[in-house]
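Participant: sequence and computational prediction follow.
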Amino acid sequence: MNKLHKASNKLIVCGDFNVNYFKDNSRKLLLDSLFASYSLFSTVSFPTRIFNNSSTLIDKIYINTYSNYFSVQRFVNGLSHHDAQIITFTSIFNSIPRQASFYNRKIDSNSAYNFTLMLSFENWQDVFFEDNFNFIFNNFLNTYLRIFYASFQITKSKSYHNSKPCLTNGIRISCANKRKLYLT
């Protein structure tokens, strides 16, 4: 918690804490005081685990920003005997999808022909008439790179960042089928 907590950061901590908040006990007080020391407060007040004839509140969501612009609902997903909690913040603006720019060189038959043509017109006298190997190499490399960069232009491309790369189409189909089976 010390690594995650900073006064300027918005923080959300959620999980199954195995402390029943419907009963007063020392574990509940210790957990509340721990989260309060990081300015986190609980948002869930409904039962999160209903099994047979008992109900408990052991799954919690803690946030460190108090405002009236959030709501918490229970979501029965059928994946566990614990119900999911969904917290919705209405005061957070949706960000524009991240655009990642990448650069690549345009290499095709025309640019390759232009490259070999420009290399053939180079006289290379500053390479062949030098005695020092370091100067020979540096002169050759400078000439070669100058022609290379002139022949093969850099183009900038944009791609949109996928915010959920691990959520494949197969997983989406499986989730939809499981939801249908649960509801029937």
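Facilitator: Thanks, I have the structure now.
Participant: who's sitting farthest from the centroid in the protein?
Facilitator: For the chain, the residue at maximal distance from the C-alpha centroid (CA atoms, centre = their mean) is F129, at 55.5 Å.
Participant: just the pLDDT for that one.
Facilitator: At F129, the predicted lDDT confidence score is 86.
Participant: so which bits of the longest helix seen in the chain are buried?
Facilitator: Of all segments of type helix in the chain, defined using DSSP state H, the longest is helix 133-151. When burial is assessed from 16 or more other CB atoms under 10 Å, helix 133-151 yields the following buried residues: 139, 143, 147, 151. No exception for glycine: its C-beta is placed from N, CA and C like everyone else's.
Participant: would you put the C-alpha positions of that helix in PDB?
Facilitator: Included here for helix 133-151 are C-alpha records, laid out as PDB according to Å, rounded to 0.1, in the frame of the first residue of the first chain:
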ATOM      1  CA  PHE A 133      41.400   3.100 -41.200                       C
ATOM      2  CA  ASN A 134      39.200   5.000 -38.800                       C
ATOM      3  CA  PHE A 135      38.900   7.900 -41.300                       C
ATOM      4  CA  ILE A 136      38.200   5.400 -44.100                       C
ATOM      5  CA  PHE A 137      35.400   3.700 -42.200                       C
ATOM      6  CA  ASN A 138      33.900   7.000 -41.000                       C
ATOM      7  CA  ASN A 139      34.000   8.500 -44.500                       C
ATOM      8  CA  PHE A 140      32.500   5.400 -46.100                       C
ATOM      9  CA  LEU A 141      29.700   5.200 -43.400                       C
ATOM     10  CA  ASN A 142      28.800   8.900 -43.700                       C
ATOM     11  CA  THR A 143      28.600   8.600 -47.500                       C
ATOM     12  CA  TYR A 144      26.600   5.400 -47.400                       C
ATOM     13  CA  LEU A 145      24.100   6.600 -44.700                       C
ATOM     14  CA  ARG A 146      23.600  10.000 -46.500                       C
ATOM     15  CA  ILE A 147      22.600   8.100 -49.700                       C
ATOM     16  CA  PHE A 148      20.600   5.500 -47.700                       C
ATOM     17  CA  TYR A 149      18.600   8.100 -45.800                       C
ATOM     18  CA  ALA A 150      17.900  10.100 -49.000                       C
ATOM     19  CA  SER A 151      16.700   7.000 -50.800                       C
END
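Participant: so what does that helix touch, helix or strand wise?
Facilitator: Using 3 or more CB pairs under 8 Å, 6 or more residues apart in numbering; DSSP states H and E as the contact definition, the elements that helix 133-151 packs against are helix 109-121, helix 125-128.
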